[in-house]
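Enquirer: coordinates only, sequence not included:
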Ligand SMILES: NC(=O)C1=CN([C@@H]2O[C@H](COP(=O)(O)OP(=O)(O)OC[C@H]3O[C@@H](n4cnc5c(N)ncnc54)[C@H](OP(=O)(O)O)[C@@H]3O)[C@@H](O)[C@H]2O)C=CC1
Ligand SMILES: O=C(O)C1=N[C@H](C(=O)O)C[C@H](O)C1
């Protein structure tokens, strides 16, 4: 059995993870990190702790759907106690992204801004369309539930990176995150990434390629959070057998 820990256990994703890990035949729920208060009953023997180092001591793998500060603490603690890490938290700073890379020198780490198989494939399609249809304007729109705290979504940024890569562009130089007022005509290279928030939308991403006379829109819709929790569990099972290094969800899926 793979001893599994959950960081962000009291969150929206945490609730699905607890359920899905407990249902799984090859995973054992060893520990949950409780930042504030755990409102859910857990089976006897599961460590509920507010200490990340204590959680790491009893786990083969930790799955993280939490917040940037928590991910940072996880990476720092894991460098003292190397443990496979599946990291799904978005809204990370450059420093926090570098920490993940640093940690991956000592342990296998899989980072994915989206754990679904659909987005794993969509990234590749976006890069292909971007590099093939060079004259098409690229615009990305994401929609999420009203509780989401980071914008644009990590997935939208990842899709934008693949779009930029398809054209050999530096996303930092071409990304537009809003339009308002006398902004002038659209420049050729810009890639807009726009965020909408409302209701209980689990996650919707559209990458549009627009030209005169035609356009293509590629849309992925997540209709259940279990898409992400089950994707992370699939990643955890794969990751525990890997050497130290930084992996993507595509590595895990072999695509
Ligand atoms: N990669 C993917 O496929 C997906 C990624 N996500 C990402 O996962 C993250 C969590 O999403 P969601 O579950 O909706 O968010 P929630 O706000 O519901 O949950 C966040 C969790 O993190 C905990 N937390 C917050 N701050 C800290 C801290 N400083 N230290 C330790 N724990 C902390 C919260 O504890 P408390 O409840 O006590 O505040 C809570 O358990 C987000 O970044 C989201 O974008 C979400 C879905 C899919
Ligand atoms: O916060 C969410 O809910 C989600 N976050 C991820 C992101 O920022 O891309 C993935 C998914 O879209 C749901």
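Expert: Good, I have the coordinates. In this text the structure is predicted, and so the values were computed from the model without any measurement. Ligands and ions are numbered 1, 2, ... in the order given.
Enquirer: grab the most central residue of the chain for me.
Expert: residue 113 (1.8 Å; C-alpha atoms, centre = their mean).
Enquirer: am I right that that residue is in a strand?
Expert: No. Counting by DSSP: H, G, I helix; E, B strand; the rest coil, residue 113 is located in no strand; its state is coil.
Enquirer: that one reaches residue 153, doesn't it?
Expert: Yes. When contacts are counted by C-beta atoms under 8 Å, residue 113 is listed as touching residue 153 (7.4 Å). No exception for glycine: its C-beta is placed from N, CA and C like everyone else's.
Enquirer: quick one: common contacting residues for these two?
Expert: Residues touching both residue 113 and residue 153 (C-beta atoms under 8 Å, 6 or more residues apart in numbering) are residue 90.
Enquirer: pick out the residue of the chain closest to ligand 1.
Expert: Taking C-beta to the nearest ligand atom, ligand 1 has its nearest neighbour within the chain at residue 11, 2.1 Å off.
Enquirer: grab the nearest non-local neighbour of that residue.
Expert: Once flanking residues are discounted, residue 11 sits nearest to residue 65: 6.3 Å by C-beta to C-beta, 6 or more residues apart in numbering.
Enquirer: contacting residues for that neighbour?
Expert: Here residue 65 is in contact with 6, 7, 8, 11, 13, 14, 17, 88, 89, 228, 229, 232 (criterion: C-beta under 8 Å, 6+ apart).
Enquirer: now do the strands in the stretch 101-250 of the chain.
Expert: 108-111, 137-144, 175-176, 191-197, 203-211, 214-222, 245-247 (DSSP state E, counting those that start in this stretch).
Enquirer: so which of these is the most surrounded?
Expert: Ranked by mean neighbour count under mean count of other C-beta atoms under 10 Å, the strands of the stretch 101-250 of the chain are led by strand 108-111, which reaches a mean of 24.
Enquirer: how about residues contacting that one?
Expert: 84-88, 100, 103, 235, 238-240, 242-249, 251-252.
Enquirer: the residue of the chain closest to ligand 1 contacts residue 66, doesn't it?
Expert: Yes. Residue 11 lies in contact with residue 66 (C-beta under 8 Å); the separation is 6.8 Å.
Enquirer: compare those two and say which is more crowded by neighbours.
Expert: A side-by-side neighbour count of residue 11 and residue 66, using other C-beta atoms under 10 Å, places residue 66 first with 23 against 17.
Enquirer: that one: which element?
Expert: For residue 66, there is no enclosing helix or strand under DSSP states H and E.
Enquirer: quick one: the helices in the stretch 51-200 of the chain?
Expert: Assigned by DSSP state H, counting those that start in this stretch, the helices in the stretch 51-200 of the chain fall at 52-57, 68-80, 94-103, 117-132, 154-167, 171-174.
Enquirer: what does the stretch 101-250 of the chain put close to ligand 1?
Expert: Contact residues, the stretch 101-250 of the chain versus ligand 1 (C-beta under 6 Å from any ligand atom): 112, 113, 114, 115, 150, 154, 228.
Enquirer: repeat the analysis, applying 5 Å as the threshold.
Expert: 114, 115, 228 (C-beta under 5 Å from any ligand atom).
Enquirer: what is the burial count for the residue nearest to the last one when sequence neighbours are not counted?
Expert: By that I understand residue 228. Spatial nearest neighbour of residue 228, chain neighbours left out: residue 115 (4.5 Å); criterion: C-beta to C-beta, 6+ apart. By the criterion of other C-beta under 10 Å, residue 115 has 26 neighbours.
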